[in-house]
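K.L.:
Here is the input, now give the coordinates:
(one chain, ligands or ions: 1)
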Amino acid sequence: MNLILFGPPGAGKGTQAARLKEKYQLAHLSTGDMLREAVAAKTPVGREAEAIMAAGKLVSDELICNVVADRIEEPDCAHGFILDGFPRTLPQAEALDAMLEKKGKQIDVVIELTADEAELIKRIEGRAAESGEARADDNVETLKKRLDVYRSQTAPVLPFYAAKGLLRTIDGMRSMDEVTREIEQALPGRG
Ligand code: ADP
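P.N.:
Predicted coordinates for the structure are as follows:
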């Protein structure tokens, strides 16, 4: 089973992905985590991504598609994977389709977690206050920028998957356990 977790920054994709990974033995492909690792390791990808990420903007489609194409080749993806934070633009969604088709794979379901923007801003304030080592992009100003980017560049990907009949929308503002339960019900063959 290959699935996409979709939703604005702070909607809980990472938490839910970790739970699904455990339960269904899926690889968790978080493009944000991959890029943060690249930044920490000062690889060429990391050097290119660092300032863009800190500003809350998107790295180029080409760069992130190359990162994902390599990652999907890893053996742990053979049994299935969760994409978290990708695709984030329509060209990325199209590139993903082409990439998977070449490998004889497909996306089985796209789970959209919806969220209230004011609530997300509160959550990020909490997250930033919690850890002394806040992420470079964990501040309210950058979050607002990222929400703008989500609305203008990422949300337009939703109709692409809706047209394929793959989109399931879930209220991400409910408790983490309720969201998990709803996601499980939305998985193919479990509704
Ligand atoms: P969150 O999970 O908090 O929404 P991520 O950790 O997924 O955010 O992403 C952090 C940053 O990494 C993004 O703001 C963006 O700069 C970069 N990034 C991650 N995934 C992509 C992508 N698919 N396309 C372009 N940029 C990306």
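K.L.:
does the closest residue to residue 56 other than its chain neighbours sit in a helix or strand, and which one?
P.N.:
In this structure, residue 56 finds its nearest non-sequential neighbour in residue 145, 3.5 Å apart by CB to CB, 6 or more residues apart in numbering. Placement of C-beta: from N, CA and C, glycine included. Here residue 145 is covered by helix 140-149, with elements defined by DSSP states H and E.
K.L.:
Around whatever residue of the chain ends up closest to the ligand, count how many other residues there are.
P.N.:
Residue of the chain nearest the ligand, by CB to the nearest ligand atom: residue 32 (1.8 Å). Residues near residue 32, counting by other CB atoms under 10 Å, number 17.
K.L.:
Touching, it and residue 88? I think so.
P.N.:
No: counting by CB atoms under 8 Å, residue 32 stays clear of residue 88, with 9.8 Å between them.
K.L.:
got the phi/psi numbers for residue 82?
P.N.:
phi -110, psi 120 (degrees, to the nearest 10).
K.L.:
need the contact list for it.
P.N.:
Contacts for residue 82 (CB atoms under 8 Å, 6 or more residues apart in numbering) come out as 3-5, 17, 20-21, 26-29.
K.L.:
If you count neighbours, what's buried in stretch 105-117?
P.N.:
107, 109-113, 115 (16 or more other CB atoms under 10 Å).
K.L.:
contact partners of it?
P.N.:
With CB under 8 Å, 6+ apart, stretch 105-117 has contacts from 1-8, 10-13, 16, 72, 83, 96-97, 100, 147, 158, 161, 166-173, 179, 183, 186-188.
K.L.:
Go back to those and keep what's next to the ligand.
P.N.:
residue 13 (CB under 6 Å from any ligand atom).
K.L.:
Not counting its neighbours along the chain, what's nearest the residue most central in space within the chain?
P.N.:
Geometric centre of the chain, nearest residue: residue 85, 1.9 Å, by CA atoms, centre = their mean. Nearest non-adjacent residue to residue 85, counting by CB to CB, 6+ apart: residue 31, 4.2 Å away.
K.L.:
so the one you found touches residue 81, yeah?
P.N.:
No: Residue 31 is beyond contact range of residue 81, at 12.0 Å (criterion: CB under 8 Å).
K.L.:
Which one's more surrounded, these two?
P.N.:
residue 81 (24 against 21).
K.L.:
Look up phi and psi at the more buried one.
P.N.:
phi -150, psi 160.
K.L.:
How about residue 20?
P.N.:
phi -70, psi -40.
K.L.:
can you pull out the helices in the chain?
P.N.:
Along the chain, counting by DSSP state H, helices occupy 13-24, 31-40, 44-54, 61-72, 90-102, 117-130, 140-149, 158-163, 176-186.
K.L.:
Around residue 175, how many other residues sit close by?
P.N.:
8.
K.L.:
wait, residue 102
P.N.:
Neighbours of residue 102 (other CB under 10 Å): 9.
K.L.:
How about residue 79?
P.N.:
Residues near residue 79, counting by other CB under 10 Å: 12.
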